[in-house]
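1. Sequence and predicted model, in that order:
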Amino acid sequence: MGKSRAVAVGLVALGVVTALTTACSPAPGGADSAGGKLIVARTGDIDLLDPSRATAFQTVQTMGLVYDTLIDTDDDGKVVPGLAKKWDVSDPTRITFTLRENVMFHNGAKLTADDAKATLERNLDPETGSVVASYLLNISSVEAHDAHTLVVNLKQPDASLLTGLTYAGNSILSKADIDGDKVGKRVNGTGPFTWAEWKQGQRLMLKNFPKHWRGAPKLDEVEFRVIPDEASIVSGMKAGSFHLGLVSDPAVARQVTGDRLTLMTQPTTSYHVLQLNAKRGPLRKLQARQAIACAVDRDEIVESVYFGKAEVTGPITSPAYSYEPTDGLPCKPGDVAGAKRLLAKAGHPKGFSLDTIIMIGQYDTSTNIAQVLESQLGKIGVKLKLDRQQTNVYVPNWKEAKFDAAVALNGGSTDPYLLYNRYFTSDGSLTVPAAYGSAKLDKLLREGNATADEAERKRIFGDLQQQLLHDSPWVWLFRNQMHYVTSDKITGFKALPTESLEHLRNTRLKA
Amino acid sequence: MTVRHLLGRLAGAVATLFGVAVVVFVVLRALPGDTITARLGAESAALDPAQRAALERFYGIDQPLPLQFVNWLGDVLAGDLGLSVDTGASVASLIGGALPVTVELAVLALLIAAPTGVALGVLAASRPGSARDLSAQGFGLFGLATPEFVTASITVAVLASVFAYFPDAGTFVPLSDSVGGNLRQLLYPALVLSIGLVASIMRTTRSAYLEVVQADFVRTAKGKGVTPGRIRTRHVLRGAAIPIVTMIGIQFGYLLGGTVIVEQVFALPGLGRLLLLGILQQDYALVQGATLVVATAFVAVNFAVDVLYRLLDPRTRLT
C-alpha cells in the first residue's frame, strides 16, 4: 500500500467516525410541551415481576410505580393514606381499613377489599416465598367486610404493621390475577404508570395511567435504560442522553460537573455498620466492644470514603426519629486514649485480632471502609484480619455468625421496630448473625411496637438507641447514600430516604 | 478432505460440547451459595424453612443433581434450552437477542483489526529495526498492555465530555433496522476491541513474515525478477498466512465468547453481559445454555480455520 493511499484511507476512516459522532447525538425529551418521555439510567434491570418477592433495588423501585400499597410514607417516612384512605386502630388487635372507592387496576377492574385480602393472604402463605411475610406474622386473619372495608385481626398489638404495609412487597394485587396464577407473569397494578414494554437487560417502558386515583402523572412515558457501568451513566448524562441517572458509588458521583447537571445526594435508611460477634473471644466483654466503638472515628471514614458527604448515624436511621448519633457511648468517637483504657479494663491492654468478613460485589465502598477501620483500630492494638468475600460466600458465613467482625451494609426501615426486631428480639429471624441479645433490648423493642402513641414510641426508641450504643454489640457508622443526577430539563423530581421513585408522578419535562 | 475425516472431526466436536456441558453444570453447582442466596443476598438469611423450601421448588433446585442434569440435557437435545425462571423468558430467546450483538461486534472488530494488523506487521517486517518497525512494535506493546476497561472508559468519557456524545446503546438498534444507527452504537466498542487485536495480529504477522522472507522460494522469486510488491503479497504473505489465520481464528473465537468489559462499559446487550448476569444471579439454565452456544461457536470457528488451512497451504491437504 502506497503512503498516499494509506493516508487517504485514514482520512476517510476519521471522516466517518467524526460524521457519525456529530451527526447523530440523540436528544431525549423531544421538547414536547405536554408530557413527554423521561429517560432514567440505572445500572441494573428488574429481575422479576412478582412484587412479593422483590428484593433487588431496581425491582422494588419499579414495582412502586406500577403498584400501590394500602399505606404510603411521606417524605419524612411517616405513614400516610395510600389505597386505604383511613384506618381505625381503636382496638389495637383489630385494624379496620377503609379503602378508596375510585381505584382501578390497569386492566379496568375496580379495586375491592377482596383484592387486598387475597394479597395479604398470599404473602402469608409460605409457598409464595414472600420477602414481606415476616412483617405480617402478627396477623391472625383478614376479613373483607364489604367492598371497601378490610379488617385485619392481630394476635397482639403491632404498631409497625402499618409500615410493613408500605413496602413494595405488600403491593396490592388483583384477586383474579392471584386466583388465575397470573402474578409474576404479567403486571397489573393500580399504580400511576402502566407496563408498556420490557426488553430484558436493555429497557423498560412505562406509560401514564390516566385513571390513577391521584390523577394522571405529568409525564406520558418513563423509560428505564440499563447502563451497567456507573461512569457510563454520568457520561451519558453529560452527553444529554438521559434525564435522570442513579448512581451509588461516591467516587463516580464526584464526576458530575457542568451547569446542566445537578447532583442530589439522599441518605437512605440503610446503614453501614461494623458488626461485632459478642459471642466469641474477647468481644464477650462489654468494655472490649465499647473500646472498639470509641476508637472508630466515623467522621474520618465519611471524609475519606464518602468525600465528606454522608450522615453519621446511631442505630435508628428512620428520618422521623432522630437522636444524637453517638449519645450512649462511654466516650467520644475517635478517643484513642479512652479506648485504650477500656481495653485495659477488659483485660486486653495489648489488644487482639479479629477475623473480619467483608462483602464484595454488592456495593462499591465495602473494602475502603474496612481499610479505614483497620487503620483506626490498629491504633489501639485491635487488628482486623480482612477477608473479602463474594456475596454467595459472605451471606452463609454471616448467617451462621462465622466471623469476629463483619463490615456490613444492612437494609433499613422507616420504622425503628422493623429495623431491629429481626436482630434483637428473642425470637427474631436474624438473632444468630446479630450475635448479641439481652432481655432489655427485647423488652424495649416489644414495648415500642405495642403502642401507636408517637411520643411514647419516640421515647422508647430513644432508650433503645442509647442501650444499643452502650452495649455496643455493633459499631454503627453512617447512613448509606443514593445519588440522583438530574438534567436541567426536568422539574419536580424529589429523592426519598426509602429510595422510592414515586415523585416521578409529579415530575415534568421542560418544554 | 475425506468424509471420514469430516465425521471424525464432527464426533470430536460433539464430545467437546458434551464435556463443556458437564463441566459447566458441575462448576456452577460447586459455587458457594445458590440461586436463592444470589437473588436475595442477606435477606435470604431471614427466610424460614418453609419459605426456603418453596423457593427451592420454584427454582427447580430441590431435585437431586444427576436428575437435574439429565432433565436439562434431554430438553437441550429436544431443542429447548429452558426458561430463565424469574422472568419466564426462554433462554433461547435471550441468547437469540444477545448473540447477534456479540457476533456483529466481533466481526466489526476483526474487519478493522485484521487488515490493519497485517498491514502494520508487513510494514514493520519489511525493514526490521527501522523507525517504522520500532513504532509498530511500540504500538503492539501498548495494545497488548492496555486493558480494555481503560481504553473503553476513556473513550466513553472523552466522547461525552468533548463531543457531548454517548454511544447510546440503551436500546440496541439491529443492523436490519438502521445501518447508521447500528454502526453508531457498535463502531466505538469495535474500535476499542480492535486495539488489542491489531497488536496481536501485527506481532504474529511480523514474525511470520520475517521467517518466510528468508525461505528459498522467496530468493528464487527475487532471482526471477518478480517485483518487490508482488513478492510481498503473493509469495511471502501467502507463506506466512497460516499463523496469521490461526491467530485471527483464535481471537475471533474469544470475541464470540462475549466481550464482557466492552459490553458493560458501552451498555451493549451482548452475550458477555448476559452470561455475567446469569453467573451473578446463579441462573443455571441461562448460564448453561449460553455457554453451550459459545462453545458451539468456538468449535465452529476452529473447524472453519482448519478448512482454511487446507485452502491456503497445499501441504496440509495430504493429511
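-> Perfect, I can see it now. Residues are numbered from 1 along each chain as shown, chains lettered A, B, ... in the order given.
2. Going by C-alpha atoms from here, please, whenever you check contacts or count neighbours.
-> OK.
3. Show me the domain layout of chain B.
-> Listed domain ranges for chain B are B:12-77, B:91-318 (source: automatic domain parsing).
4. Pick the most buried one from those domains.
-> Sort those by mean neighbour count, taking mean count of other C-alpha atoms under 10 Å in any protein chain shown, and domain B:91-318 sits at the top with a mean of 19.
5. which residues touch the closest residue to chain B within the stretch 201-350 of chain A?
-> When distances are taken as C-alpha to the nearest C-alpha, the stretch 201-350 of chain A reaches nearest to chain B at A:Ala239, 4.0 Å away. If you count contacts by C-alpha atoms under 8 Å, 6 or more residues apart in numbering or on different chains, A:Ala239 has them with A:Ser25, B:Ala160, B:Ser161, B:Phe163, B:Ala164, B:Tyr165, B:Phe166.
6. ok, the second one - contacts?
-> If a contact means C-alpha under 8 Å, 6+ apart, then B:Ala160 has A:Ser235, A:Gly236, A:Lys238, A:Ala239, B:Phe166 as its contacts.
7. Could you measure from it over to A:Thr262?
-> Taking C-alpha to C-alpha, to the nearest Å as the measure, B:Ala160 falls 16 Å from A:Thr262.
8. What backbone torsions are found at the nearest residue in space to A:Asp229 that is not next to it in sequence?
-> With C-alpha to C-alpha, 6 or more residues apart in numbering or on different chains as the criterion, A:Asp229 has its nearest non-adjacent residue at 5.3 Å, and that residue is B:Val265. B:Val265 has phi and psi values of phi -70, psi -40 when expressed as degrees, to the nearest 10.
9. B:Val265 reaches B:Ala152, doesn't it?
-> Yes. Applying C-alpha atoms under 8 Å as the test, B:Val265 and B:Ala152 come out as touching, 6.6 Å apart.
10. thinking A:Ser52 is in contact with A:Ser130, fair?
-> Yes. Using C-alpha under 8 Å, A:Ser52 is in contact with A:Ser130, at 5.0 Å.
11. low-scoring stretches of the chain, by residue?
-> No chain in the question, so chain A it is. A:1-34 (pLDDT under 70).
12. Actually, chain B is the one I wanted.
-> For chain B, the ranges with pLDDT under 70 are B:1-2, B:168-170, B:258, B:316-319.
13. In it, what residue comes closest to chain A?
-> B:Ala164 (4.0 Å).
14. need the strands for the stretch 351-500 of chain A, in chain order.
-> With strands called from DSSP state E, counting those that start in this stretch, the stretch 351-500 of chain A shows them at A:353-360, A:383-390, A:405-410, A:474-487, A:490-491.
15. distance of A:Glu42 from B:Ala267?
-> Small correction: residue A:42 is Arg, not Glu. 11 Å.
16. list residues touching both of the two?
-> Common neighbours of A:Arg42 and B:Ala267 (C-alpha under 8 Å, 6+ apart) are A:Val226, A:Ile227, A:Pro228.
17. Skip the chain neighbours and tell me the closest residue to the residue of the stretch 301-450 of chain A found nearest chain B.
-> Scanning the stretch 301-450 of chain A for proximity to chain B using C-alpha to the nearest C-alpha identifies A:Asn392 as nearest, at 4.8 Å. Spatial nearest neighbour of A:Asn392, chain neighbours left out: B:Gly33 (4.8 Å); criterion: C-alpha to C-alpha, 6+ apart.
18. Spit out the contact partners of that neighbour.
-> By C-alpha under 8 Å, 6+ apart, B:Gly33 lies in contact with A:Asn392, A:Val393, A:Pro396.
19. The first one - how many residues pack around it?
-> Which is A:Asn392. A:Asn392 is flanked by 25 other residues according to other C-alpha atoms under 10 Å in any protein chain shown.
20. cool, A:Asp181 as well?
-> The burial count assigned to A:Asp181 is 11, neighbours taken as other C-alpha under 10 Å.
21. So it: helix, strand or coil?
-> The three-state label given to A:Asp181 by DSSP: H, G, I helix; E, B strand; the rest coil is coil.
22. could you pull out the helices for the stretch 1-150 of chain A?
-> A:3-23, A:57-66, A:113-124 (DSSP state H, counting those that start in this stretch).
23. about what we covered before: was I right to think the residue of chain B closest to chain A contacts A:Met237?
-> No. B:Ala164 sits out of contact with A:Met237 when judged by C-alpha under 8 Å, with a separation of 9.2 Å.
24. ok, stretch A:167-183 near chain B or not?
-> No. With C-alpha under 8 Å from any C-alpha of the partner chain as the criterion, chain B is not reached by stretch A:167-183; the gap is at least 11.2 Å.
25. Buried residues, that stretch. List them.
-> For stretch A:167-183, burial by neighbour count (16 or more other C-alpha atoms under 10 Å in any protein chain shown) applies to A:Tyr167, A:Ala168, A:Gly169, A:Asn170, A:Ser171, A:Ile172, A:Leu173, A:Ser174, A:Lys175, A:Asp177, A:Val183.
26. now, the most widely separated pair of these?
-> Pairwise distances across those peak at 19.9 Å for A:Tyr167 and A:Asp177 (criterion: C-alpha to C-alpha).
27. Up against chain A, what does the stretch 51-200 of chain B have?
-> B:51-52, B:54-55, B:86-88, B:153, B:156-157, B:160-161, B:163-166, B:168, B:170-172, B:180, B:184.
28. burial of A:Asp146, as a residue count?
-> The local packing of A:Asp146 (other C-alpha under 10 Å) involves 12 other residues.
29. Spatially nearest residue to it (excluding sequence neighbours)?
-> According to C-alpha to C-alpha, 6+ apart, the nearest residue to A:Asp146 is A:Ala113 (6.9 Å).
30. who touches that neighbour in this structure?
-> For A:Ala113, the contact set (C-alpha under 8 Å, 6+ apart) comprises A:Leu99, A:Ala144, A:His145, A:Asp146, A:Ala147, A:His148, A:Thr149, A:Leu150.
31. Please list only the buried members of those residues.
-> The neighbour-count criterion (16+ other C-alpha under 10 Å) marks A:Leu99, A:Ala144, A:Ala147, A:His148, A:Thr149, A:Leu150 among the contacts of A:Ala113 as buried.
32. In contact with A:Lys385, which residues?
-> Taking C-alpha under 8 Å, 6+ apart as the criterion, A:Lys385 is in contact with A:Ser353, A:Leu354, A:Asp355, A:Thr356.
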